[in-house]
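[1] Provided below are the primary sequence and the corresponding predicted coordinates.
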Amino acid sequence: MSLYQKIIDIENGSHRAALCTIIAVKGSAPRKTGAKMLVYKNGSIQGTIGGGSLEKKVIEQALEVLKNNESQIVKHNLVSELAMCCGGVVELFIEPIMNRKKLHIFGAGHIGKALAGFALQLDFDVTLIDERYDVFEGIDPQEFKLIQNHHAEAIEKLAFDENTFVVILTHNHSYDREILALTSKKAHQYIGMIGSERKVAIAKKNITASNILNMEEINKIDMPIGLDIAAITPQEIAISILAKLIDVRNKK
């Protein structure tokens, strides 16, 4: 498998890695400009930038990049700094590979469909879930994943990890509360539920009374969902939700 395919797999999966690329070489060095190496969170590597002390040092720097989630340019003098006999200077760009975020949208009504379309353009891996038999009419199944099933069964089959976003927009208030209870126990980065202030208050009361979540856990749920931009139409509401998803994604 090529290094580029491995990068795609990392983007679409949950493993974390940094890509180290030689961007400049002065004098003698083990590898030329363009050489690449992947460094995984556990310290293992794919590819090479030349081995030896240089590679060991860059692996350490790549792990630091993963920790801080910030790219950096590093420069190493192979003789004076790393005691390598090559004698040159190597400059590298180290960047964290961003995992593509999974977005599970429960409810394929007007807002759900609009959100799915917008989120797809911003590189979310979108799954749209709804049990209604005719709700997916007119939707291209090649654009995003469609699950026509009851939410409880769908949740058991869906993948959840620290890169998972959950948006709850169903046509049934009791469904929304059930989905909230079930997904909150799964690994996730974000969960949000649509609703009025009254609906949210009732949901919080029912969830705490049922001992499903404590107040600390409830307060981590974004409800009512989205940013307050005085949205009215389904498209505007979808944009307000997407804006919050982008904010959470980019801040992490």
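    It's in.
[2] show me where the stretch 51-200 of the chain has strands.
    72-77, 89-96, 102-106, 125-129, 145-147, 164-168, 190-193 (DSSP state E, counting those that start in this stretch).
[3] Would you check how far apart the residue nearest to F124 when sequence neighbours are not counted and K57 are?
    In space, and not counting its chain neighbours, F124 is closest to L103: 4.2 Å by C-beta to C-beta, 6 or more residues apart in numbering. In this view, the C-beta of every residue, glycine as well, is placed from N, C-alpha and C. According to C-beta to C-beta, to the nearest Å, L103 and K57 sit 38 Å apart.
[4] neighbour-wise, which of these two wins?
    Neighbours per residue (other C-beta atoms under 10 Å) separate L103 from K57, with L103 holding more: 25 against 15.
[5] Next up, the contacts around the more buried one.
    By C-beta atoms under 8 Å, 6 or more residues apart in numbering, the residues touching L103 are 116, 119, 124-127, 164-165, 167, 245.
[6] Specify the beta-bridge partners of it.
    Here L103 sits in beta bridges with V126, F165, going by DSSP bridges.
[7] Could you report the separation of it from F165?
    The gap separating L103 from F165 is 5 Å, by C-beta to C-beta.
[8] low-scoring pLDDT stretches of the stretch 101-250 of the chain, where are they?
    141 (pLDDT under 70).
[9] and if we set it to 80?
    For the stretch 101-250 of the chain, the stretches flagged by pLDDT under 80 are 133, 137-143, 195-197, 199-200, 202-217.
[10] So what's the residue count around L38?
    L38 has 18 neighbours, counted by other C-beta under 10 Å.
[11] quick revisit: do you know which of the strands of the stretch 51-200 of the chain lies nearest G43?
    Nearest to G43 among the strands of the stretch 51-200 of the chain is strand 89-96 (14.2 Å), distances taken as C-beta to C-beta.
[12] ok now do the nearest residue to A159 once chain neighbours are set aside, which residues does it touch?
    Spatial nearest neighbour of A159, chain neighbours left out: K102 (6.7 Å); criterion: C-beta to C-beta, 6+ apart. The contact partners of K102, by C-beta under 8 Å, 6+ apart, come to 124-125, 127, 159-161, 163-165.
[13] Which of those residues sits closest to A18?
    Distance to A18, by C-beta to C-beta, is smallest for N163 among the contacts of K102, at 16.4 Å.
[14] R16 versus the closest one, what's the distance?
    According to C-beta to C-beta, N163 stands 10 Å off from R16.
[15] Check L38 too.
    Here the criterion is C-beta to C-beta. By it, L38 lies 11 Å from R16.
[16] Common neighbours of these two, please.
    Counting by C-beta under 8 Å, 6+ apart, the common neighbours of L38 and R16 are 10, 97.
[17] that older thread, mind giving me a markdown table with the contacts of L103 and columns for neighbour count?
    Formatted as a markdown table, the contacts of L103 follow (neighbours: other C-beta atoms under 10 Å):
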| residue | neighbour count |
| --- | --- |
| A116 | 23 |
| A119 | 24 |
| F124 | 22 |
| D125 | 20 |
| V126 | 23 |
| T127 | 19 |
| T164 | 22 |
| F165 | 22 |
| V167 | 29 |
| L245 | 25 |
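[18] Taking the residues you listed together, which two end up most distant?
    Put simply, by C-beta to C-beta the two of those set farthest apart are A116 and T164, 15.4 Å from each other.
[19] quick one: contacts for the one residue sitting closest to the centre of the chain?
    By C-alpha atoms, centre = their mean, the chain has its centre lying nearest to K101, at 2.7 Å. Contacts were defined as C-beta under 8 Å, 6+ apart; by that measure K101 touches 123-125, 163-165, 189, 245, 249.
[20] If we use 10 Å, what do you get?
    Counting by C-beta atoms under 10 Å, 6 or more residues apart in numbering, K101 touches 119, 122-126, 162-165, 189-190, 245-246, 248-249, 252.
[21] Also G195?
    If you count contacts by C-beta under 10 Å, 6+ apart, G195 has them with 168-169, 173, 176-177, 201-203, 223-225.
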